[in-house]
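>>> Here is my input, please return the structure:
(2 chains)
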Amino acid sequence: MVDGKEKWLVSMDAAERLTYLNRDVHVEHIIKGRELIGLRARVPLVNRDVPILPAGFVDPKNGTGIVMSVPAHAPYDYQALSDLKAGIHAAGVVIHEYASIHADILKIEPIVMIESEYSKDGVPASVVIKRYGISRQDDPRLEYATNELYSHEFYKGRISSDPSITMEYSGMSVKDAREKVRDDMLKRNLADTMLDLAKPVRCRCGAECVVKILEDQWFINYSDREWKRLAHKCLDSMQILPEDIRDEFVYVIDWLRERACARRSGLGTKLPWDENWIIESLSDSVIYMAYYIIAKYARMLNVDGIDDRFFDYVLLGVGDPSSIAESCKVSKDLIEQIREEFLYYYPVDSRHSGRDLVPNHLTFFIFNHVAIFPQELWPRQIVVNGSVLMDGKKMSKSLGNIVPLRKAIREYGSDAIRASLLISAELLQDADFTLDMLKSIREKVERLYSICIQFANATRDKSNSYNRVCEGSGGGYGQEHGYEHEQKQEHKQEDEYEYEDVWLMSRLQHMIKSTTDAMDRLRVREALNNLLYIMDQDMQWYLKRAKSKGRGDDEIASTIIQFLDARVRMLSPFMPFICEEMWSVLGGKGFVSMAEWPKVTPSMINSTVDEGESLIMHVMEDVEKIIKVTGMKPSRITIQVAEAWKWELYLRILSIINDGVTNYGDVMRMLVKGSSSGGSDSIATYAKSKPEMVKRMIESILSTPPESRLSRASIGVLDEVRVLSDAIPLLEKEYNCRVEVMVEDSSSSSSSIVAKKSALPYRPAIYIA
RNA sequence: GCGGGGGUUGCCUAGCCUGGUCAAAGGCGCGAGGCUUAGAACCUCGUCCCGUAGGGGUUCGUGGGUUCAAAUCCCACCCCCCGCACCA
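This is a model prediction of the structure:
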């Protein structure tokens, strides 16, 4: 008996769920489904009697637990009917008890009432079942067949025009007819609604979820237009990292509407004006950053005495502290202190959270701040991150792919774990954490640590004043470091500083800049990549160059330590513990965590040396390519550098390109025009006589990084002989043969191979014998 | 359906906004060599195709277009992932 009016026949489960929907349910009889078999039921609306059939696939937990059989259009029903006709019930079991109605069952024929592509070849359900090759009602593919047929008929099907069956719905689209039938039945009181879940939902505790109607529900009205406007305004002024996610916030602000903000059970704060309700946690968490600040004072306060006026003053600065102190029984000083502390922290500079909270918490956070606080206290930034995957999969106990934190820290150390998490992904991506990565990071860091020890020792052996490198005031690379290099040059013999030293210090400035930029944008992965890998490469090159000249550790320790000093400072946020250790080894004062972040010292950037070293690297690359392709073992390598007129031409083209003219024809025209407009005659002549040279130079310049084009222009003619001669020890050691460097002599280019591709500036001709 | 993100060289992933630095960074995997009693680890080199001179060819989901020049800009199409609620 439902609502004291009607007798309903539903599953036990449905009877229970109806009670949650605030229906008055009385269970009068419990009937076994089998008792109904063979009886007949009347179909509402059409008023026809139909037999009641058994079916194994009907879920008593779904809806009323009773379904209408539509064998023409529901693959499940069709298959079940076929099975019954063959004397088979669910799961292939032959059921004899239905023998009495078998004759009736045999008479049942599917009635096709939807026309679509599928109805052309007979009964649609049968068509689709045959296509899938299904022959039993427990075949899982029935699910796919059902989906396919349902969605096709729903969007494209029409109700057939047989008025005896389809009544006034003939010809309507299924989509429209479905709505109309429902409405008509409700209108004529032939049906009722029962709220239910589309799919079974389970709670984390394992229990099945049901739909429950709550009375007197409280809502937060996020639909309010003015409120939305303010939220947008706040978002527009905020920094969102990464930017990609901003559009999602925009959408959510518009999409959000009334949200139930309280519930009847669970943990949480009681709703102040209705103690029967508990504030739903996502609605409660919107300004708890503000609460964090005053939380620690909670015990010092007379909580019972506190009312809205206290909060108005602390959070909004409204009211008179003296009178509030009196009425709330809190000391005025304390109130002032809390207010002061609140203003110290607020506005929120950065809220950092997971991307799954964008459609709720993070957006509520914006909404509620703009609702409560004046504009100057609105949040400034939101940072959104992805989640952590383990070996490419979501971590879960059932997959067994979790490593307990304590265990991981014990085995690998927290530094390596932090770093491998940070290096595995940028902000928004899911970070794929692997043990391989963890191990490799750990080893990388251990090596770095031993390098610190190695060079710290080298310095101590020499017992000179190099240690001061790490003793900047406050430990920082402040302005004081700006003159480091020049000052040293004065104090020491000129020849103690080699090109590689200058180069390494110059590279360091680039790395500081690039890493700082990355950190400013919270591109942690990029920053860490610089610190761990790129700077390592630089150091390797430096060591290679220095060692080839026979310089000992003590001679290069000063430079290396300066480099390490900055590296450790920047690495410290990523791996704080080992960095303190390295800092101490390097002779730093205090804690590296308190030391200043390095600053770029422009005077230490030396583009001539930068270009020089990259010239050496390119020459080596080319030599290696030649050796690889020819398969020869060099006995002598001759490097011929471009002669003066080529430099003249090159620099002219470079400046044309730097002015934005990159097209060959245009460049050529400008080169030639140069002579008539008072420019250099010789350049015009060269250009005219060697057009292919011009072409090669343009190509070469265009394949150079733009910054490098500019610095090359400012350098002018690079003394390539001097640069390359400095690298002769390295080259001879690498290739184990004699190496000579000279300016090319076009008048007597003896070697045909060299002549074929003669030297360009920054692109010497190489001859290997 | 609505909204967001994405398809890159064996894999994962940078680059795309601001076109030429791109045959394309880094990591993993794989191969060769070094080290080692051996292995693990580590180091060096290689890892689209062709090539006995630093070169050439074909690539960045598909098809068009713009440009001297496209992974990058424009248009169309195909495919994949995520969210869509009162639940943290």
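
>>> Would you pull up the residue in the stretch 151-300 of chain A closest to RNA strand B?
A:Arg259 (3.1 Å; CB to the nearest atom of the strand). For the C-beta atoms, the positions are set from N, CA and C on the backbone; glycine is no exception.

>>> and that residue, helix, strand or coil?
strand (DSSP: H, G, I helix; E, B strand; the rest coil).

>>> Does it touch A:Ser223 like I think?
No. A:Arg259 is not in contact with A:Ser223 according to CB atoms under 8 Å; the separation is 9.4 Å.

>>> Next SSE downstream of the helix or strand of chain A with the lowest mean pLDDT?
Lowest by mean pLDDT, DSSP states H and E among the helices and strands of chain A is helix A:484-491, with a mean of 38. Once the chain leaves helix A:484-491, the next helix or strand it forms, by DSSP states H and E, is helix A:499-520.

>>> returning to what we had before: contacting residues around the residue of the stretch 151-300 of chain A closest to RNA strand B?
Shown in contact with A:Arg259 (CB atoms under 8 Å, 6 or more residues apart in numbering): A:219-220, A:222, A:283.

>>> Repeat that for A:Ile240.
A:246, A:249, A:381-382, A:384.

>>> now do A:Leu53
With CB under 8 Å, 6+ apart, A:Leu53 has these contacts: A:37, A:69, A:80-81, A:84, A:105.

>>> taking those residues one by one, which sit in helices?
Using DSSP state H, the subset of these located in helices is A:80-81, A:84, A:105.

>>> Only alpha carbons, please: show stretch A:57-70 as CSV.
Provided in CSV are the C-alpha atoms of stretch A:57-70 (Å, rounded to 0.1, in the frame of the first residue of the first chain):
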residue,chain,number,x,y,z
PHE,A,57,18.2,-10.1,-16.5
VAL,A,58,15.8,-7.8,-14.7
ASP,A,59,17.4,-6.1,-11.8
PRO,A,60,15.2,-5.8,-8.7
LYS,A,61,17.4,-2.9,-7.6
ASN,A,62,16.5,-0.9,-10.6
GLY,A,63,13.3,1.2,-10.5
THR,A,64,10.3,-0.9,-9.5
GLY,A,65,12.1,-4.1,-10.4
ILE,A,66,9.4,-4.8,-12.9
VAL,A,67,9.8,-4.2,-16.6
MET,A,68,7.7,-4.2,-19.7
SER,A,69,8.9,-6.7,-22.3
VAL,A,70,9.4,-5.1,-25.7
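
>>> returning to that earlier point: would you list the buried entries among the contacts of A:Leu53?
A:37, A:69, A:80-81, A:84, A:105 (16 or more other CB atoms under 10 Å).

>>> Just the closest of those residues to RNA strand B, please.
For the buried ones among the contacts of A:Leu53, the nearest to RNA strand B is A:Ser69 (29.4 Å; CB to the nearest atom of the strand).

>>> May I have the phi/psi pair for the closest one?
As for A:Ser69, its main-chain torsions (degrees, to the nearest 10) stand at phi -80, psi 130.

>>> Quick check: it vs A:Leu343, distance?
Look at A:Ser69 and A:Leu343: by CB to CB, to the nearest Å, they are 70 Å apart.

>>> Out of the buried ones among the contacts of A:Leu53, give me the two with the largest separation.
Greatest spatial distance among these (CB to CB): A:Ile37 and A:Leu81, at 13.9 Å.

>>> on that earlier part again, keep only the contacts of A:Ile240 that also lie close to RNA strand B.
Residues of the contacts of A:Ile240 in contact with RNA strand B (CB under 7 Å from any atom of the strand): none.

>>> Can you tell me which of those residues are classed as buried?
A:246, A:249, A:382, A:384.

>>> Please give me every residue in contact with the last one.
Going back to what we said before, that points to A:Val384. A:240-242, A:245, A:352-355, A:358, A:362, A:427-428.

>>> Please pick the buried ones from these.
A:240-242, A:245, A:355, A:358, A:362, A:427.

>>> I'd like to know which of those residues is nearest to A:Thr434.
Within the buried ones among the contacts of A:Val384, proximity to A:Thr434 (CB to CB) peaks at A:Leu427, which comes in at 19.1 Å.

>>> So which residues on the stretch 251-400 of chain A come close to RNA strand B?
So far as CB under 7 Å from any atom of the strand goes, the stretch 251-400 of chain A lies against RNA strand B at A:251, A:255-261, A:263, A:266, A:280-282, A:356-357, A:359-361, A:392.

>>> So which of the residues you listed belong to strands?
Using DSSP state E, A:258-260, A:263 are the members of those that sit in strands.

>>> Generate JSON lines for those residues, with pLDDT as supplementary columns.
Formatted as JSON lines, those follow (pLDDT from 0 to 100):
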{"residue": "A:Glu258", "pLDDT": "85"}
{"residue": "A:Arg259", "pLDDT": "86"}
{"residue": "A:Ala260", "pLDDT": "83"}
{"residue": "A:Arg263", "pLDDT": "81"}
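
>>> Tell me which other helices or strands the host helix or strand of A:Glu443 touches.
Following DSSP H and E, one finds A:Glu443 within helix A:435-462. Where contact means 3 or more CB pairs under 8 Å, 6 or more residues apart in numbering; DSSP states H and E, helix A:435-462 is packed against helix A:405-412, helix A:414-423, helix A:535-548, helix A:553-571, helix A:576-585.

>>> okay, those helices, which one's buried deepest?
helix A:553-571 (a mean of 23; mean count of other CB atoms under 10 Å).

>>> for that one, packing partners?
Using 3+ CB pairs under 8 Å, 6+ apart: helix A:553-571 touches helix A:435-462, helix A:499-520, helix A:535-548, helix A:576-585.

>>> and the helix or strand just after the last one, what's its mean pLDDT?
Meaning helix A:576-585. Downstream of helix A:576-585, the next assigned helix or strand under DSSP H and E is helix A:607-630. Mean pLDDT, helix A:607-630: 85.

>>> Once you drop chain neighbours, what's closest to A:Met185?
Excluding the flanking residues, the one nearest A:Met185 by CB to CB, 6 or more residues apart in numbering is A:Ala191, at 3.8 Å.

>>> Check A:Gln454 too.
That would be A:Asp553: by CB to CB, 6+ apart, it lies 6.7 Å from A:Gln454.

>>> if I pick A:Ile715, what's in contact with it?
By CB under 8 Å, 6+ apart, A:Ile715 lies in contact with A:607-608, A:611.

>>> Mind doing that once more with 6 Å?
A:607-608 (CB atoms under 6 Å, 6 or more residues apart in numbering).

>>> what do you get for A:Glu643?
Here A:Glu643 is in contact with A:743-744 (criterion: CB under 6 Å, 6+ apart).

>>> And it, how far from RNA strand B?
15 Å (CB to the nearest atom of the strand, to the nearest Å).

>>> ditto for A:Ser572
In terms of CB to the nearest atom of the strand, A:Ser572 sits 20 Å off from RNA strand B.

>>> and the residue in the stretch 401-550 of chain A that RNA strand B sits nearest to, how many neighbours?
The minimum distance from the stretch 401-550 of chain A to RNA strand B, using CB to the nearest atom of the strand, falls at A:Ser440 (4.1 Å). Using other CB atoms under 10 Å, the number of residues around A:Ser440 comes to 14.

>>> On the pLDDT front, check it for me.
With respect to pLDDT, A:Ser440 has a value of 76.

>>> Tell me how far it lies from A:Phe310.
In terms of CB to CB, A:Ser440 sits 55 Å off from A:Phe310.

>>> How about A:Leu343?
A:Leu343 is 16 Å from A:Phe310, by CB to CB.

>>> Spell out the secondary structure type for the residue nearest to A:Gly171 when sequence neighbours are not counted.
Spatial nearest neighbour of A:Gly171, excluding adjacent residues (CB to CB, 6+ apart): A:Ser161 at 5.4 Å. Recorded secondary structure, A:Ser161: coil (three-state DSSP).
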